[in-house]
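Visitor: No sequence on hand, only this structure:
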């Protein structure tokens, strides 16, 4: 599924939640959608638990090391 289709599905779900359930339902759907997105990225291996606890400089250095870029 392309990102455009996934975004469309998320927008439709949020629209229905907001229309039928009000603002509270909209917020609940948005928060649960964000949590589901993060868990999906974690399951795909695109995100690691340590990414939440390291500074940006550490992540960049780790990325460069994994890529084989030792210029820094």
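Guide: Happy to help now that I have it. Note that this is a predicted model, so its numbers are computed, not measured. Residues are numbered from 1 along each chain as shown.
Visitor: and the gap between residue 45 and residue 20?
Guide: 36 Å (C-beta to C-beta, to the nearest Å). All C-beta spots, glycine's among them, are computed from the backbone N, C-alpha and C.
Visitor: nope, residue 38 is what I was after
Guide: In terms of C-beta to C-beta, residue 38 sits 26 Å off from residue 20.
Visitor: Which one's more surrounded, these two?
Guide: For residue 38 versus residue 20, neighbours defined as other C-beta atoms under 10 Å are more numerous around residue 38 (12 against 9).
Visitor: If I follow the layout properly, the more buried one ends up in contact with residue 47?
Guide: Yes - the criterion here is C-beta atoms under 8 Å, and residue 38 meets it with residue 47 at 6.8 Å.
Visitor: Flag the shaky bits of the protein, pLDDT-wise.
Guide: Along the chain, the parts satisfying pLDDT under 70 run over 51, 54-72.
Visitor: cutoff 90 now
Guide: 1-12, 14-15, 18-19, 25-72 (pLDDT under 90).
Visitor: And the helices in it, which stretches?
Guide: For the chain, the helices defined by DSSP state H occupy 3-44, 56-67.
Visitor: now the longest one, how far from the centre of its chain.
Guide: The gap between where helix 3-44 is centred and where its chain is centred comes out at 11 Å by C-alpha atoms, centre = their mean, to the nearest Å.
Visitor: Next: stretch 35-55.
Guide: Counting by C-alpha atoms, centre = their mean, stretch 35-55 comes out at 8 Å from the chain centroid.
Visitor: How many neighbouring residues does residue 17 have?
Guide: Counted with other C-beta under 10 Å, residue 17 comes out at 20.
Visitor: Tell me who's in contact with it.
Guide: By C-beta atoms under 8 Å, 6 or more residues apart in numbering, the contact set of residue 17 is 25-26, 28-29.
Visitor: Dump these into a markdown table; add neighbour count and distance to residue 13 as well.
Guide: As requested, these are exported to a markdown table (neighbours: other C-beta atoms under 10 Å; distance: C-beta to C-beta, whole Å):
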| residue | neighbour count | distance to residue 13 |
| --- | --- | --- |
| 25 | 15 | 10 |
| 26 | 18 | 10 |
| 28 | 12 | 11 |
| 29 | 18 | 6 |
